[in-house]
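Colleague: No sequence on hand, only this structure:
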């Protein structure tokens, strides 16, 4: 989501009320997080490939966890990106990362490894096998199970692109509503300050 001028506005808000920026973030989360969860919910709960039904690190764990962040005036790299969504399938320690692998299938330009990482099988550690095209077969299988245009982003990214207009619309309405509330509050504070000065002058 790209909006201009928000950084200057938030600087003024910080001078007026430290809680104002948190209120803006809260409104944005309330507006957009439901659609982030909707996108995550479109990821199939069952593994797209039968070979991902296992108990190893790369196992499929189903619908990913959705989260979002809203950082007005603090975009990385000096750009104007305000809204970021994050979808996580799991970690090596607490859950399978099969979703992460399949989401990015085919997007890497690095040459494949000659040997797999060391793993445990049947209670015996130190297992390793020669990589003979499994990565290419995996990418082809994912593409066949979930075709998209371009490379990578087979599940949530593809869904997010299709909902791009709706996401920006919700974000814009949240900001507009916040600004209306903020303007009303500023007008009220200005009126009270002016009225207090008049009373004091008398």
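Modeller: Yep, that arrived. Source: prediction; values computed, not measured. Numbers count the residues shown, from 1 in each chain.
Colleague: now the strands for the chain?
Modeller: 65-70, 83-88, 119-121, 124-127 (DSSP state E).
Colleague: got those strands as TSV, with distance to residue 187 columns?
Modeller: C-beta coordinates here come from the backbone N, C-alpha and C atoms, glycine included. Output for the strands of the chain, formatted as TSV (distance: least, CB to CB, whole Å):
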stretch	distance to residue 187
strand 65-70	25
strand 83-88	28
strand 119-121	64
strand 124-127	69
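Colleague: Please render those strands as JSON lines that adds mean pLDDT to the earlier fields.
Modeller: Formatted as JSON lines, the strands of the chain follow (pLDDT from 0 to 100):
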{"stretch": "strand 65-70", "mean pLDDT": "85"}
{"stretch": "strand 83-88", "mean pLDDT": "84"}
{"stretch": "strand 119-121", "mean pLDDT": "80"}
{"stretch": "strand 124-127", "mean pLDDT": "82"}
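Colleague: who does the residue nearest to the spatial centre of the chain bridge with?
Modeller: By CA atoms, centre = their mean, the chain has its centre lying nearest to residue 85, at 1.5 Å. For residue 85, the beta-bridge partners are residue 68 (DSSP bridges).
Colleague: Contact partners for it?
Modeller: 32, 36, 39, 66-68, 160 (CB atoms under 8 Å, 6 or more residues apart in numbering).
Colleague: One more: residue 153?
Modeller: Under the criterion of CB under 8 Å, 6+ apart, the neighbours of residue 153 are 103-104, 107, 161.
Colleague: Any quick ChimeraX command for the buried ones out of those residues?
Modeller: Only the buried entries of the contacts of residue 153 go into this ChimeraX selection, using 16 or more other CB atoms under 10 Å:
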select :103,104
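Colleague: min pLDDT across the contacts of residue 153, which one?
Modeller: Here the lowest pLDDT out of the contacts of residue 153 sits on residue 107, with 72.
Colleague: picking up where we left off before, mind telling me the two of the contacts of residue 85 farthest from one another?
Modeller: 67 and 160 (13.5 Å; CB to CB).
Colleague: Give me the more crowded residue out of the two.
Modeller: Between residue 67 and residue 160, counting by other CB atoms under 10 Å, residue 160 is the more crowded of the two (19 against 15).
Colleague: Grab the nearest non-local neighbour of that one.
Modeller: residue 39 (5.5 Å; CB to CB, 6 or more residues apart in numbering).
Colleague: Just the pLDDT for that neighbour.
Modeller: So residue 39 comes in at 92 (pLDDT).
Colleague: Output the contacts of residue 153 in TSV, with distance to residue 61 appended to each entry.
Modeller: Shown next, in TSV, are these (distance: CB to CB, whole Å):
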residue	distance to residue 61
103	12
104	16
107	20
161	23
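Colleague: and the residue lying closest to residue 158 once chain neighbours are set aside, how far is that from residue 129?
Modeller: Nearest non-adjacent residue to residue 158, counting by CB to CB, 6+ apart: residue 148, 4.6 Å away. Distance, residue 148 to residue 129, using CB to CB, to the nearest Å: 30 Å.
Colleague: who's more crowded, the two?
Modeller: Ranked by neighbour count (other CB under 10 Å), residue 148 and residue 129 place residue 148 first, with 16 against 11.
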